[in-house]
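In: The sequence and its predicted three-dimensional model are supplied below.
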Amino acid sequence: MKFRIQYSRAALAHLATLSKRQQVIVLNSVREQLETEPTLRTRNRKPLRPNRLAGWELRIGNLRVFYDVDETEVFVDVKAIGVKIRNDVFIAGEVFEL
């Protein structure tokens, strides 16, 4: 089953803060990894503990994509995109605590 990918306005704004190269990497990785099995645990995909942002995290090098999955409607909702530097994740230039 192929999932439809939807980006929130906030996620699109976060994406715009990245370099062009990082944007391409994120868009390609999201399409490749989340279109078919977004809830399959892998080394780079994991469910998160309950938080106010999203239920899942996709790791792409030092980039992080936070998303929710609606299996009944068959879509992935990308909520935020950030950059991990050491132990901190920066989303829109601010440290985000999970």
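Out: Alright, I've got the coordinates.

In: who does the longest strand seen in the chain touch, helix- and strand-wise?
Out: In the chain, with assignment by DSSP state E, the single longest strand is strand 75-85. Counting contacts by 3 or more Cβ pairs under 8 Å, 6 or more residues apart in numbering; DSSP states H and E, strand 75-85 packs against strand 4-7, helix 9-16, helix 20-34, strand 63-70, strand 88-91. C-beta here means a position set from N, CA and C on the backbone, and glycine is covered the same way.

In: ok, A10 - contacts?
Out: 79-80, 92 (Cβ atoms under 8 Å, 6 or more residues apart in numbering).

In: TSV please, covering those residues and showing distance to K2, pLDDT and neighbour count.
Out: Shown next, in TSV, are these (distance: Cβ to Cβ, whole Å; pLDDT from 0 to 100; neighbours: other Cβ atoms under 10 Å):
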residue	distance to K2	pLDDT	neighbour count
K79	20	97	21
A80	23	97	22
A92	30	85	13
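
In: sorry, back to before: can you tell me which of the helices and strands packed on strand 75-85 has the worst average pLDDT?
Out: With a mean of 93, strand 88-91 has the lowest mean pLDDT of these.

In: That one - which strands sit beside it in the sheet, and in what orientation?
Out: strand 75-85 (antiparallel), strand 94-96 (antiparallel) (DSSP bridges).

In: ok and the first one relative to helix 20-34, angle-wise?
Out: Our comparison of strand 75-85 with helix 20-34, counting by axes from the mean of the first three to the mean of the last three Cα atoms, to 10 degrees, yields an angle of 130 degrees.

In: if I've got this straight, K2 is in a strand?
Out: No - under DSSP: H, G, I helix; E, B strand; the rest coil, K2 falls outside any strand and is assigned coil.

In: so how far is F75 from it?
Out: Distance from K2 to F75, counting by Cβ to Cβ, to the nearest Å: 10 Å.
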